[in-house]
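give me a model of this one.
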Amino acid sequence: MAKILIVEDEAKIARFLELELKHEGYEVAHASDGRTGLEMALEKDVDLVLLDIMLPGLSGIEVCRRVRMESQVPIIMLTAKDDVTDKVAGLDMGADDYMTKPFAIEELLARIRVTLTRHSGKHQEETSKEELSYGQLVLNTAAHSVSYGGEVLTLTKKEYDLLECLIRNKNIAMSREQLLSKVWGYEYMGDTNVVDVYVRYLRQKIDDKYGIHMIETIRGIGYMIKDETN
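As a prediction, the model looks like this:
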C-alpha cells in the first residue's frame, strides 16, 4: 500500500488524517513544519504528500516549489482559506490537486485514490517513452528534466509542460486555447495571455541563451515548433 506524508502543523487535524488513512490501509508519516516536510517529501519511499499551505518554517507553496525542482511525487494541497490565489499558486507550483478545509474525509480519500492511480499510470507511460529532442535540446520525459548540449536547464513545471506539449506537436500550429487546455487544464478560467507569458519565459531561457529560434509565433493562431533545420 502507498505511503502518504502528512505535512500539517495542527495536531488534531494531523491525527485525524493519520487515523483515517491508516484505517484505509495506507502507511503514514507526519511532519509538523515546512522544512521537515520538505526533507521527508524528497525521500524516495513517499508516494503522495498532503501539504498544508499555512506552515511554520516554510510555507506549503514554497515546499511545493522546492519539491518540484527534484521530484514528481503527487501533492494535494490543503488550505483553510477558500482563496483562489492560494489555489492558483499551489497548482502553478506543481500541486496535483487541492482541498479546502473543512472537507469531507470521503472526498479527500477519493481524490487520493484518483491521484495515486493517475500518477501510477502516467509514470508507467512516461518511462516507456523515448526522450524528446530538438537539435541539442533533450527532454527526459520520465525525469521531467531538460538539457541543452548537456547543460541542465531549470524550468518550472508549467514551462516544462508547455515545452513538452509543443515538441510533441511539432509542425502543428497550436492555438492559445489548445495550449491552455493541454497545459493548464480545461478548468482553467484565466486569460489566454498566460500562454504568451510562458512562451516568453521559454524563449528567454532557451532561444535567447543559446541563440536559436525554436518557438515560432503563428500570427492569428498561436505557436509552433517546426523541425530543426540544422
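
quick one: secondary structure of residue 98?
strand (DSSP: H, G, I helix; E, B strand; the rest coil).

could you pull up phi and psi at the residue nearest to it when sequence neighbours are not counted?
In space, and not counting its chain neighbours, residue 98 is closest to residue 77: 4.1 Å by Cβ to Cβ, 6 or more residues apart in numbering. C-beta here means a position set from N, CA and C on the backbone, and glycine is covered the same way. Residue 77 adopts backbone torsions of phi -80, psi 140, taken as degrees, to the nearest 10.

quickly list what residue 77 is bridged to.
Per DSSP bridges, the residues bridged to residue 77 are residue 51, residue 98.

in contact with it, which residues?
By Cβ atoms under 8 Å, 6 or more residues apart in numbering, the contact list for residue 77 reads 51-53, 60, 64, 86-87, 90, 95, 97-99.

what pLDDT does residue 229 get?
pLDDT for residue 229: 57.

just name the closest of the contacts of residue 77 to residue 150, please.
Closest approach between the contacts of residue 77 and residue 150, by Cβ to Cβ: residue 64, at 28.8 Å.

show me the contacts for that closest one.
51, 75, 77, 90, 93-95.

does it belong to a helix, a strand or coil?
Assignment for residue 64 (three-state DSSP): helix.

check what pLDDT it gets.
So residue 64 comes in at 92 (pLDDT).

any buried residues in stretch 42-59, and which?
Across stretch 42-59, burial judged by 16 or more other Cβ atoms under 10 Å covers 46-55, 58-59.

which non-adjacent residue is nearest residue 22?
residue 28 (5.6 Å).

what helix or strand does the one you found sit in?
strand 27-31 (DSSP states H and E).
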